[in-house]
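[1] For reference, the sequence and a predicted model appear below.
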Amino acid sequence: MITTDEKRKYQFIEIVLQWEGELTSSKLKDYFSIGSRTTAQKWINQYREIYPNNLCDYDPKAKQHQPSIHFKPKFTQGTLEEYLSFFGESASHQYLELLNPPIRNINPQLVRQIIQACRQKLRLDIEYLSLSSGDKEGRIISPHTLVNDGIRWHVRAYCEKNQQHRDFVLSRFSANPEFEGQAQFTQAQDAEWNNWVTVTLIPDSRLSAIKKHCIELDYMMTNGKLNIPCRAAQVKYLLQRLRVDSYHHKPEGQQIIVDSDCWEALSPYRMI
């Protein structure tokens, strides 16, 4: 059984091999504050024993390990985002830049209580600032999942006032909610949460053939389409993040759209 610490080190090894093309024991030692390069080298050797086809023979002249032509990530998904998660905020990697969304007003004490309610399937009596009315409203909710849509945090919960599962923005809650006993409505009853749908993207039809081909390459489309599985409850956030919830007057600005048949099928879940 691989521990969390072991997995993290193996992920580091894979990510550096894949995205930098070279790995040294010193780099592993410095990142994890390992006592010596010898100990760090043992981690690399252990990884090699597990997946020998992922590394070339050690290059004593360059003093580094390199990925083989057969390299395939085993502990990671092979995405650039994983590389950024390790090095994006490192001062020694000034050639990486992350654009972070504005910080939201989220109370840690409140989040702890919501997490407790999620874990123990509890109801919460809480005040919520409604964007539609502009007033603070008392709500009794049964939360089941915290969700980050790439811009903000919200909690998926059953709302007794509306008698349905809804999304509540975390920054609009007042702190110090009260627990109100066991929840009767949980994730199991959240139909939209449990319903998976497919969002099908295609290049904007207004683009020329060569420009469509560029977009297909960008998004790794197959036969001119990209199918993205998504919870029905999160479709609106995915469409917003992909910027396909509105139509740009220039095809170069739009680039991708949702397939027309798919767009109609998603109508119960999108905001427009």
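    On my side now, so go ahead. Remember, predicted model here, so these are calculated numbers, not experimental data.

[2] Pull the contacting residues for Y58.
    If you count contacts by CB atoms under 8 Å, 6 or more residues apart in numbering, Y58 has them with 64-65. The way it works is simple: take the backbone N, C-alpha and C, and place the C-beta from them, glycine included.

[3] what's the spacing between the residue lying farthest from the centre of the chain and L28?
    Here the chain reaches farthest from its C-alpha mean at K61, the gap being 39.8 Å by CA atoms, centre = their mean. K61 sits 20 Å away from L28, going by CB to CB, to the nearest Å.

[4] and the longest helix seen in the chain, what does it pack onto?
    Secondary structure assigned by DSSP state H gives helix 4-20 as the longest helix of the chain. If you count contacts as 3 or more CB pairs under 8 Å, 6 or more residues apart in numbering; DSSP states H and E, helix 4-20 packs onto helix 25-32, helix 37-50, helix 80-87.

[5] now the longest one: mean pLDDT?
    Regarding helix 37-50, the rounded mean pLDDT is 94.

[6] neighbouring contacts of it?
    Counting by CB under 8 Å, 6+ apart, 9-10, 13-14, 23, 25-26, 28-29, 32, 34, 54-55, 65, 74 sit against helix 37-50.

[7] next one: it to chain centre, how far?
    30 Å (CA atoms, centre = their mean, to the nearest Å).

[8] Flag every buried residue along it.
    Residues 40-41, 43-44, 47-48 are the ones in helix 37-50 that count as buried (16 or more other CB atoms under 10 Å).

[9] Kindly reformat those as CSV containing distance to R166.
    Output for the buried residues of helix 37-50, formatted as CSV (distance: CB to CB, whole Å):
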residue, distance to R166
A40, 49
Q41, 53
W43, 46
I44, 49
Y47, 45
R48, 50
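
[10] which stretches of the chain form helices?
    Going by DSSP H, the chain shows helices at 4-20, 25-32, 37-50, 80-87, 108-120, 191-194, 209-218, 235-242, 251-254, 260-265.
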